[in-house]
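Chemist: Take this sequence and fold it.
(chains A and B)
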Amino acid sequence: METEKKIKKTFVQGAISPEFIGTSIAKHQSKTAIGAHNIFLGQVRADVIEGKKVVAIKYSAYEEMAELKFYEIREAAFAKYEVTCLHIYHSIGTVKTGEICLFVFVSAPKRKVVYEALHFLVEEIKASVPIFGKEILEDDSYTWKTNS
Amino acid sequence: MIITLKYFGLIADLVNTHEEQLELSVDNCTSQELCDTLQSKYPGLVNTNFAIAVNQLIIQSVTPISNNDIIALLPPFAGG
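Modeler: This next block holds a predicted model:
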């Protein structure tokens, strides 16, 4: 099976644009061993915290450790699932509510594996990558987000 | 020994810096001893939840700290 295991940079400055996601999908048209794609898009939600609406999240990270973690998570997914390729992009810096901050893209010959692999990847990213989110509120105050 | 400390998110707010070097009068210590030292220096850390990474690996138990180690204090993660 064709596999792709290059080490890639995961962090994207600011929001991940719909155009970037569309282009990424289009790039797979030449990989004709693939029969199924699955995509997760994380979007910044306008939570209300103590009566104030979240307008953006400013992401920061322990970048060296985070890239190492992303690499380990990718390798674990390739070892565990028969996927053709997978891609992870996460925002760094400010992402406004309604914009995309996480893009995970899994492709395989058959559909069943892409559901499982995608679930594994998203849960691992949320649990083990040192990324921090400052939720900017409408009055310019802020609070630190915690994954539940 | 000299170690580098890195602070992130809420922790960086509490200690008011992102990185510092700390010179300790001992040749080695444990992560617990370092934590006690930091909590005396920064009382805000006492009731704060954080993980510790020694040279980019999160420690699960008391771990020896040596000269030139990079220690990161990591508040709860919020990726995705």
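
Chemist: the helices in the chain, which residues?
Modeler: No chain specified, so I'll use chain A. A:18-26, A:63-80, A:111-128 (DSSP state H).

Chemist: Chain B is the one I meant
Modeler: Remark: helices assigned in chain B by DSSP H are B:9-15, B:31-41.

Chemist: Could I get the contacting residues of A:Ala77?
Modeler: The contact partners of A:Ala77, taken as C-beta atoms under 8 Å, 6 or more residues apart in numbering or on different chains, are A:83, A:86, A:106, A:117, A:120-121. Yep, even glycine has a C-beta here, placed from its N, CA and C like the rest.

Chemist: what's the distance between the lowest-mean-pLDDT helix or strand in chain B and the middle of its chain?
Modeler: When the helices and strands of chain B are scored by mean pLDDT, DSSP states H and E, strand B:28-30 comes last with a mean of 94. Mean C-alpha position of strand B:28-30 versus that of the full chain (C-alpha atoms, centre = their mean, to the nearest Å) differs by 13 Å.

Chemist: quick one: strands adjacent to it?
Modeler: If you go by DSSP bridges, strand B:28-30 pairs up with strand B:64-66 (antiparallel).

Chemist: So for the strand it pairs with, what gets flagged as buried?
Modeler: Using 16 or more other C-beta atoms under 10 Å in any protein chain shown as the burial criterion, the residues of strand B:64-66 that qualify are B:Ile65.

Chemist: mean confidence score for that strand?
Modeler: On average, the pLDDT along strand B:64-66 is 97.

Chemist: just to revisit the earlier point, just name the closest of the contacts of A:Ala77 to chain B, please.
Modeler: A:Leu121 (10.3 Å; C-beta to the nearest C-beta).

Chemist: That closest one: what's it in contact with?
Modeler: Shown in contact with A:Leu121 (C-beta under 8 Å, 6+ apart): A:40, A:73, A:77, A:86, A:88, A:104, A:106.

Chemist: Equivalent analysis for A:Leu137, please.
Modeler: Going by C-beta under 8 Å, 6+ apart, A:Leu137 touches A:49, A:52-55, A:143.

Chemist: so the residue most central in space within chain A bridges to which residues?
Modeler: Geometric centre of chain A, nearest residue: A:Leu102, 3.1 Å, by C-alpha atoms, centre = their mean. Under the criterion DSSP bridges, A:Leu102 forms beta bridges with A:Gly42, A:His90.

Chemist: I'd say it and A:His87 touch.
Modeler: No - checked against C-beta atoms under 8 Å, the pair A:Leu102 and A:His87 is beyond contact range at 11.4 Å.

Chemist: Now do the same for the residue lying farthest from the centre of chain B: its pLDDT.
Modeler: Residue farthest from the centre of chain B, counting by C-alpha atoms, centre = their mean, is B:Gly80 at 24.6 Å. Note on B:Gly80: pLDDT of 90.

Chemist: Provide a list of residues in contact with it.
Modeler: Counted by C-beta under 8 Å, 6+ apart, B:Gly80 has contacts A:42, A:90, A:101-102, A:122, A:125-126, A:131, A:147.

Chemist: what do you get if the cut-off is 7 Å, keeping everything else the same?
Modeler: With contacts defined as C-beta atoms under 7 Å, 6 or more residues apart in numbering or on different chains, B:Gly80 is in contact with A:42, A:102, A:122, A:125-126, A:147.

Chemist: How about A:Glu135?
Modeler: A:Glu135 neighbours (C-beta under 7 Å, 6+ apart): A:49, A:54, A:57, A:142-143, A:145.

Chemist: All good on my end, thank you.
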